[in-house]
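Student: output the structure for:
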Amino acid sequence: MVIVRPRGHDFLFTEAEMEVMIHDIRVARELGADGVVIGCLTADGRVDVQRCERLIKAAGALDITFHRAFDMSRDRGEALEDIIGLGINRVLSSGGQSDVPSGIAQLTALVKQAAGRASIMPGGGVTEQNLGEIVRASGVSEIHLSARHEVRGGMTWFNPHCSMGSFTKDDEYGWKEASADKVLLSKIALTAALAERYV
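Tutor: Prediction:
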């Protein structure tokens with residue numbers, strides 16, 4: 001699933017940005033992506049149905065997820081109905097809160113509202129430790145997480161007068177990347193939580 005978002009910040013896109021996203025979706029299709037992750041809002045915080053329809057048309061038969069622009073909508077119940085009406089299969093959400101653990105009640109309500117018409121996929125602050133409880137508490141069947149860990153480079157010399165960017169100035173030679181161990185633990189936790197539903 002390829003996220004299609006030309007920049008950070010808000011989800012009110014210009015026509016030039018729409019053209020970039022349509023192009024990126026076509027490239028994702030040509031390269032064999034399974035799906036795309038999209039989302040557009042109007043200035044007043046509603047789902048921009050017309051712009052989403054254009055992105056959906058470009059996606060063709062690809063699986064589509066609406067990303068966390070959903071969490072910035074003014075009325076998530078209304079937004080969910082708009083997204084379902086667009087035929088989008090999945091909504092990535094923290095329940096409109098800073099992270100999934102804080103949004104469990106909202107996510108549970110969204111799962112009930114969706115009633116199988118779309119999957120609610122929690123994302124934001126999900127870890128291999130809290131994943132099982134999130135699935136049990138909310139009733140979701142899918143989950144999104146980065147499963148990252150800290151990695152250190154081999155450099156021992158650091159120039160204290162220079163950094164390569166605002167995000168690296170405090171730790172120039174450290175970064176985060178996906179951890180196979182965390183992915184495995186997450187899969188085990190998800191499988192166990194889902195299995196409990198059918199016992």
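Student: which residues make contact with stretch 187-197 from outside it?
Tutor: For stretch 187-197, contacts defined as CB atoms under 8 Å, 6 or more residues apart in numbering pick out 128, 131-132, 135-136, 141, 143. C-betas here are computed from N, CA, C, even on glycine.
Student: stretch 162-180 too?
Tutor: Residues external to stretch 162-180 that are found in contact with it (CB under 8 Å, 6+ apart): 146-153, 155, 158.
Student: same question for stretch 27-39.
Tutor: For stretch 27-39, the surrounding residues in contact (CB under 8 Å, 6+ apart) are 1-5, 11, 21, 25, 52, 55-56, 59-60, 62-70, 92.
Student: again, only using 7 Å
Tutor: Stretch 27-39 has contacts (CB atoms under 7 Å, 6 or more residues apart in numbering) with 1-4, 11, 25, 52, 55, 59-60, 62-67, 69-70, 92.
Student: then stretch 76-87?
Tutor: The contact list for stretch 76-87 (CB under 7 Å, 6+ apart) reads 46-47, 49, 52-53, 56, 66, 70, 73, 91, 96, 110, 113-114, 117-118.
Student: can we see that at 10 Å?
Tutor: With contacts defined as CB atoms under 10 Å, 6 or more residues apart in numbering, stretch 76-87 is touched by 38-39, 41, 45-49, 52-53, 55-56, 64-66, 69-73, 75, 88-91, 93, 95-96, 103, 106-107, 109-110, 113-115, 117-118, 120.
Student: just the buried ones out of the contacts of stretch 27-39, please.
Tutor: Neighbour counting by 16 or more other CB atoms under 10 Å classes 1-2, 4, 11, 25, 52, 55, 59, 62, 64-67, 69-70, 92 among the contacts of stretch 27-39 as buried.
Student: follow-up on the earlier one: the contacts of stretch 187-197: which two are farthest apart?
Tutor: Between any two of the contacts of stretch 187-197, the greatest separation by CB to CB is 17.4 Å, found for 128 and 141.
Student: so for the two, which residue has more residues nearby?
Tutor: Neighbours per residue, other CB atoms under 10 Å: of residue 128 and residue 141, the larger number sits with residue 128, 19 against 15.
Student: the more buried one in helix, strand or coil?
Tutor: Counting by DSSP: H, G, I helix; E, B strand; the rest coil, the backbone at residue 128 sits in coil.
Student: neighbours around residue 153, how many?
Tutor: Around residue 153 there are 10 residues (other CB under 10 Å).
Student: ignore the last one, residue 14
Tutor: Residues near residue 14, counting by other CB under 10 Å, number 9.
Student: again, but for residue 158
Tutor: Counted by other CB under 10 Å, the residues lying close to residue 158 total 11.
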